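Q: Here is my input, please return the structure:
(3 chains, ligands or ions: 2)
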Amino acid sequence: MSKAILKTEDLRVEYRSREMGQEVKRALKGLNLAVRPGEVYGFLGPNGAGKTTTMNVLLGFVNATGGDAWLFGVNVREPVARQRIGYLPEQTYYYKFLTAEEILRFYAKIFRIPRNEVEKRIDSVLKLVELEHARKRQIKTYSKGMQQRVGLAQALINNPDLLILDEPTSGLDPIGRMKVREIILRLKNEGKTVFFSSHELGEVETVCDRVAILTQGELKAEGEVSELVRLYQQPNLEQVFLKIIGYHESHDPHHRDRKAA
Amino acid sequence: MNPTTHTIETARLPELPAREERAGTLNNVLAIAGVVIKEMYRRKDFYVLFVLTALVTLLMGSVTFFNQDNIVRYLKELCLFLIWAASLVITITTAARQIPAEREQRTLFPLLAKPVTRNQLVLGKFLGCWLASGISLLLFYVFFGAVAGAKEHQWPIVNYFQAAVLHWFMLGIVCAMTLLGSVVLAAPSSTNTIVLVVTVGILLIGRHLNKVALKLEEPVQSIVYGLYFVLPHLEIFDVRDLIVHNWSAIRWDIWAAGLAYAVTYSAIFLSLACLAFRRKAIN
Amino acid sequence: MRAYLLSLSLLTLVAFSLSTTLEPWFQSWAGSRTQTDNVIQVALGDSRRMFARHFYAKADAYFHKGYYPSVYDSKEGFDEKAITGNEKPHDDEKCEGDFLGKPHDWIDAFSRNFFPSRHVHVGECDAHDHKHDPDHDHAAEAGMEREILPWLRLSAEMDPQRIETYTVASFWLWTKLGKIDEAEQFLREGLRANPGDCEILFGLGSIYYEGWKDISRARNVLELSMVRWREQEGRKTEPNTLLLGQILNQLAKLEREQNNYPRAIEHYTLLKQVSPSKQSIQEWIDYLKTNQPPSKVPLVR
Ligand SMILES: Nc1ncnc2c1ncn2[C@@H]1O[C@H](COP(=O)(O)OP(=O)(O)OP(=O)(O)O)[C@@H](O)[C@H]1O
Ligand SMILES: [Mg+2]
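A: Ligands and ions are numbered 1, 2, ... in the order given. Take a look at the predicted model:
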């Protein structure tokens, strides 16, 4: 167990909000995950499965109702656990009045990257996400895809050992997606760990060492892609996924609801 | 398919740096403050207010009353009034939108995913707003000094300095109060309105709340009297009359005590804001 | 929303300043008897009277160098009338306590260090400051009465029917700043807004008499003001006898100086009926009756 770079044990999260009355929403129901250093780990699940919630716990935005989570063997409640990670949130609109360069400089300052290294790092991450041409423009003039790239750049600014990416390819064009896949593979070759969620099963299949499939806050399957394909006797990951979440094309649309009830 | 699987088992966990919290706090607070200041000077509001103030002051300055062209106090009064109004608007609107904007535009997530605590975030926002209001005040007071000096041919620098610094420290209290409001209340617009009303209310009748209390019925009387002792007396810092009428400077020990009073209240409001923000779920 | 509010209030200010700039020009404009309401009247309606009151109070506060009671303070012992020039100069001991009284608590005591809290009048030096730099203070304070004028001007702008504005402003212009011309102009402006007002006529007569030394005009105007007083005040249940006394006193003095003793005696006799100090007036009457004028000067009518 000491080998896991990211680990959750019996993680449970319940949302209780005023709008929902007294009803309790159980977003995670005892999740156990272990991501090993150096692997690319795909975190899959239909909408509302609890992927973002898991990441929110890992980053300390949401306190777990039960169970625990660790990064680098340090409990996520400690801010220092986040020193060596890079995080790309789901959808973020970065400080509109700053330029890409300034945003990266700001985050670099928070990571206390030495002055002489900052510009070098900024140059390299901007080159990586191909935003060099727009580096001196304010973010409010960026397109959605460009903002997504700024997000990726800020996640990489501290040269993290573990990347937590929430749907990194959403909003990107096909070339952009390909670039992200390339970046993930490159990071892997540098020995980094990548933990990311995605709905693009094709791309998951090509880059991931292992995947986990989550539905309604419960882990349904975990393992290497080839293993899962073999186990579930399906032609590809997409079919495995559909089978696990219990979707059958021939069935009526209310099937899942009845099953859930 | 996975040639690296075997090596994964043997790979070592990267070392985390040792904790250096104190130095890290200052570093983070300054970094966050820097963003606030950048934002202020890139937005147009501030320039609009400054130009309007200058325009109205100069326009009024060009009026002559009864062919007497060395009348200046009404102009000083007007200019200071505009400066006070503008500084309150700038400070409150800047402070009120900080944290809600971070939440709305979701920049809070990448920020808090970095080694930044929520307290550091609140402190950084406070420092940024306070410094930004200080920068704008400096500009306003330089303009004021130029206008008054040009008409009056005297430069009571000490008085201006005392007044401007008191004004700035008062804005510190307002800033902290606004941040607290922005954490507790949901919409920035309601924070704006409430803090503005409270601030102007204190400025107008804070000094007289004790006398007001005496005229009220009992349960209300105690409440108002309590408010008199609990609320920050912002009106103390309003020393416009001293500069308008060329009174002699405030005693320095008293002046320093005024600043200490402001620091105390700012600290109280900031602590409350930190506390409230720590309990807040942010997703 | 805030931007709207702000620009609106700033625009109002611009309107003020514009109208004050344009007003004199309007007045001097050939045949300017324009009945069009000015911008402020249109914009503010009747609330402009409130502003006028505020500006008048502001002038008074300026007269006291910012040391002025608010609506929450008891105004007892505060010489509100001093700005009109009617009041005797106050003696310092009496005013030490002033309207502030003793500090109620530490907040009150502390905050008094931050605002003017000594009773002085503009143009006078602060007695407490004499020690360090008396010469400088005196020089700086000379002619500072002018500082109260803009507020009176604004007050008149807001509410042209407010009589005291004209009389007070002309008093300061004339007695302290030596601007007889401007004082007369302003009173005339007041007279245009309030035709035949006895108080303004009295002020105007005083300026002709003591300022321009134009005796015949002074006599005419003062006598007219007395007639108007009868028409305006005489019918009231509580007429302003103080003003009548002032008019009569001025007239009596004028006639006495012109050696027109019988007329002077007439005025003094009337004055005796309304004045509280009947004794000294009777002395004047007795004196004028027993003494002959130095030489018979023909009456200039
Ligand atoms: N703040 C909240 N209050 C109440 N319920 C919430 C809150 N945030 C999330 N949920 C619920 O928790 C469940 C998991 O949500 P989560 O955002 O983790 O899903 P997800 O797997 O990221 O989905 P997606 O693929 O759409 O991003 C959902 O049912 C959602 O409605
Ligand atoms: Mg999600």
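Q: if we look at stretch C:178-193, which residues are touching it?
A: B:66-68, C:27, C:156, C:160-161, C:163, C:165-167, C:169-171, C:173-174, C:197, C:200-201, C:203-204, C:207, C:211-212 (Cβ atoms under 8 Å, 6 or more residues apart in numbering or on different chains). Yep, even glycine has a C-beta here, placed from its N, CA and C like the rest.
Q: just the helices in the stretch 101-250 of chain B please.
A: B:108-112, B:118-152, B:157-184, B:188-205, B:209-214, B:218-230, B:240-244 (DSSP state H, counting those that start in this stretch).
Q: same for the first one, what does it pack against?
A: Packed against helix B:108-112 by the contact rule (3 or more Cβ pairs under 8 Å, 6 or more residues apart in numbering or on different chains; DSSP states H and E) you find strand A:85-88, helix A:144-156, helix B:73-104, helix B:118-152.
Q: most packed of these?
A: strand A:85-88 (a mean of 25; mean count of other Cβ atoms under 10 Å in any protein chain shown).
Q: pLDDT averaged over that strand - what is it?
A: Per-residue pLDDT values over strand A:85-88 give a mean of 92.
Q: and it with chain B, contact?
A: Yes - Strand A:85-88 comes into contact with chain B (Cβ under 8 Å from any Cβ of the partner chain), by way of A:I85, A:Y87, A:L88.
Q: Out of these, flag the one nearest to A:N159.
A: A:I85 (11.0 Å; Cβ to Cβ).
Q: Can you name the residue of the stretch 51-200 of chain A that approaches chain C most closely?
A: A:F97 (17.9 Å; Cβ to the nearest Cβ).
Q: Give me the phi and psi angles of that residue.
A: Main-chain torsions, A:F97, degrees, to the nearest 10: phi -90, psi 0.
Q: distance of it from B:A31?
A: Note on A:F97: its distance to B:A31, by Cβ to Cβ, to the nearest Å, is 15 Å.
Q: who has more neighbours, those two?
A: In terms of neighbours (other Cβ atoms under 10 Å in any protein chain shown), B:A31 is the more surrounded of A:F97 and B:A31; the figures are 23 against 15.
Q: Just the C-alphas of the helix or strand harbouring C:R53, formatted as CSV.
A: For C:R53, the element it lies in under DSSP states H and E is helix C:47-63. C-alpha atoms of helix C:47-63 as CSV (Å, rounded to 0.1, in the frame of the first residue of the first chain):
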residue,chain,number,x,y,z
SER,C,47,-36.6,69.8,-2.4
ARG,C,48,-34.3,72.7,-3.5
ARG,C,49,-35.5,74.6,-0.4
MET,C,50,-34.1,71.8,1.7
PHE,C,51,-30.8,72.2,-0.1
ALA,C,52,-30.9,75.9,0.4
ARG,C,53,-31.3,75.3,4.2
HIS,C,54,-28.4,72.9,4.1
PHE,C,55,-26.2,75.4,2.2
TYR,C,56,-27.1,78.2,4.6
ALA,C,57,-26.2,76.0,7.5
LYS,C,58,-23.0,75.2,5.7
ALA,C,59,-22.2,78.9,5.5
ASP,C,60,-22.8,79.1,9.2
ALA,C,61,-20.5,76.1,9.8
TYR,C,62,-17.8,77.8,7.7
PHE,C,63,-18.2,80.9,9.8
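Q: Counting neighbours, which bits of it end up buried?
A: C:R48, C:F51, C:A52, C:F55, C:Y56, C:A57, C:K58, C:A59, C:D60, C:A61, C:Y62, C:F63 (16 or more other Cβ atoms under 10 Å in any protein chain shown).
Q: what's the angle between it and helix B:73-104?
A: 110 degrees (axes from the mean of the first three to the mean of the last three Cα atoms, to 10 degrees).
Q: re the thing from before, could you dump the helices of the stretch 101-250 of chain B into TSV and include distance to A:L214 and mean pLDDT?
A: Output for the helices of the stretch 101-250 of chain B, formatted as TSV (distance: least, Cβ to Cβ, whole Å; pLDDT from 0 to 100):
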stretch	distance to A:L214	mean pLDDT
helix B:108-112	20	89
helix B:118-152	28	93
helix B:157-184	33	94
helix B:188-205	36	90
helix B:209-214	58	82
helix B:218-230	51	86
helix B:240-244	63	85
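Q: Now the residue of the stretch 201-301 of chain C found nearest chain B. Nearest residue, chain neighbours left out?
A: Residue of the stretch 201-301 of chain C nearest chain B, by Cβ to the nearest Cβ: C:I207 (14.1 Å). Nearest residue to C:I207, sequence neighbours excluded (Cβ to Cβ, 6 or more residues apart in numbering or on different chains): C:E184, at 5.4 Å.
Q: what about that neighbour, which helix or strand?
A: Using DSSP H and E, C:E184 falls in helix C:180-193.
Q: Low-confidence regions, the stretch 1-150 of chain C specifically.
A: C:1-4, C:16-46, C:70-99, C:123-143 (pLDDT under 70).
Q: again, only using 50
A: Regions of the stretch 1-150 of chain C meeting the criterion pLDDT under 50 cover residues C:29-36, C:88-97, C:127-136.
Q: Would you mind measuring from C:K289 to C:Y268?
A: Looking at C:K289 against C:Y268, where the rule is Cβ to Cβ, the gap reads 10 Å.
Q: coming back round to it: can you report how many residues neighbour the residue nearest to C:I207?
A: 19.
Q: Ok, B:F161 next?
A: B:F161 - counted by other Cβ under 10 Å - has 14 other residues nearby.
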